[in-house]
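Novice: fold the stuff below for me.
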Amino acid sequence: MRALIVTAVTAEADSVVRGLSGPVPHPDHTPGPDHAHGSEPPRTLPGGYLIHRRGAFDVLVAGVGPAAAAAGTATALALAAGPGYGLVVSAGIGGGFAPAAPIGSLVVADAIVAADLGAETPQGFLTVVELGFGRSVHLPPAELAARAAEATGALLAPVLTVSTVTGTAARTTALAVRHPLAGAEAMEGFGVAEAAAAHGLPVLEVRAVSNAVGPRDRDAWRIGEALTALADGFRALGPVLASWGGPS
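Specialist: Alright, predicted model coming up:
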């Protein structure tokens, strides 16, 4: 299965590439002697998006936030050569909802939720679905998400996409009330999923937890630990993605 893996920043992409260390054959490319294990120098797509090829996987740096993620993902999908992609994966670090997703753990999404896309009202928050237009949830293939979680030891739970990172107790409580099963929050998954859906492709999201969702405490973040967990996760996840045959 050829897959596009979308990250927000270079550090995340480097961790994913580091994890995908095994020789996974690319379906339309035979590596030359200078490209051991299917690794090639990164190239730049129109729009300035950096993309790495690692065996059967292309790892994209699309930018921060749902809009940048959607634009970068759509660009890479539109420009895909050969047979194209069979799967899109949103990957990176994010905040975890305690105690289910502690720092250094992984979360695989069983639902990708646009948690702040909608309207505030005197009666509370309304999603775009409740407003009568758009959608606010994408569902990854259940069998693939379960296999990914099992292979990586991850929590299988909804991952929330937010445009503003949570930094107060009040916001944490509001999200927990609306999404009691949520495992993590990040800023790109729903944007990646929207672009994938526009191209008729399934989507998966994988997050390594760098901080607890709650009052902002930058000194408590463990970005290095999360990036290491992300690399370890993709070391286990690579064979699962490569062998997946698509939705049944």
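Novice: state the helix or strand in which residue 195 lies.
Specialist: Assigned by DSSP states H and E, residue 195 belongs to helix 189-198.
Novice: swap that for residue 235, sorry
Specialist: Assessed by DSSP H and E, residue 235 sits inside helix 223-243.
Novice: what's that helix packed up against?
Specialist: Packed against helix 223-243 by the contact rule (3 or more CB pairs under 8 Å, 6 or more residues apart in numbering; DSSP states H and E) you find strand 3-7, helix 10-19, strand 57-61, strand 87-96, strand 106-114, helix 142-152, strand 203-212. Every C-beta, even on glycine, is put in place using the N, C-alpha and C of the backbone.
Novice: now it and strand 87-96, what's the angle there?
Specialist: Computed by axes from the mean of the first three to the mean of the last three CA atoms, to 10 degrees, the angle separating helix 223-243 from strand 87-96 equals 150 degrees.
Novice: buried residues, helix 223-243. List them.
Specialist: Applying a neighbour-count criterion of 16 or more other CB atoms under 10 Å, the buried positions in helix 223-243 are 225-238, 240-242.
Novice: now swap in stretch 61-71 and tell me
Specialist: Counting neighbours by 16+ other CB under 10 Å, stretch 61-71 gives 61, 62, 63, 65, 66, 68, 69, 70, 71 as buried.
Novice: and residue 104, how many neighbours does it have?
Specialist: When counting by other CB atoms under 10 Å, one arrives at 15 neighbours for residue 104.
Novice: what do you get for residue 142?
Specialist: Neighbours of residue 142 under the rule other CB under 10 Å: 12.
Novice: does it touch residue 110 like I think?
Specialist: Yes - with contact defined as CB atoms under 8 Å, residue 142 and residue 110 form a contacting pair (7.0 Å).
Novice: show me what contacts residue 115?
Specialist: Contacts here follow CB atoms under 8 Å, 6 or more residues apart in numbering; on that basis residue 115 touches 160, 161, 162, 175, 178, 179, 182, 185.
Novice: show the pLDDT at it.
Specialist: At residue 115 the predicted local distance difference test score is 95.
Novice: next one: it from residue 196, what distance?
Specialist: Counting by CB to CB, to the nearest Å, the gap from residue 115 to residue 196 is 19 Å.
Novice: what does the most far-flung residue of the chain relative to its centre show for phi and psi?
Specialist: The outermost residue of the chain relative to its centre, with distances by CA atoms, centre = their mean, is residue 122 at 32.9 Å. The phi and psi values for residue 122, taken as degrees, to the nearest 10, are phi -60, psi -20.
Novice: gap between it and residue 133?
Specialist: Residue 122 sits 21 Å away from residue 133, going by CB to CB.
Novice: and what of residue 200?
Specialist: Distance check for residue 200 against residue 133: by CB to CB, it reads 21 Å.
Novice: now do residue 239
Specialist: Noted for residue 239: a distance of 40 Å to residue 133, by CB to CB.
Novice: which residue, other than its chain neighbours, is closest to the residue nearest the centre of the chain?
Specialist: If you average the C-alpha coordinates of the chain and look for the closest C-alpha using CA atoms, centre = their mean, you land on residue 90, 2.1 Å from that point. The shortest distance from residue 90 to any non-neighbouring residue, by CB to CB, 6 or more residues apart in numbering, is to residue 192 (3.9 Å).
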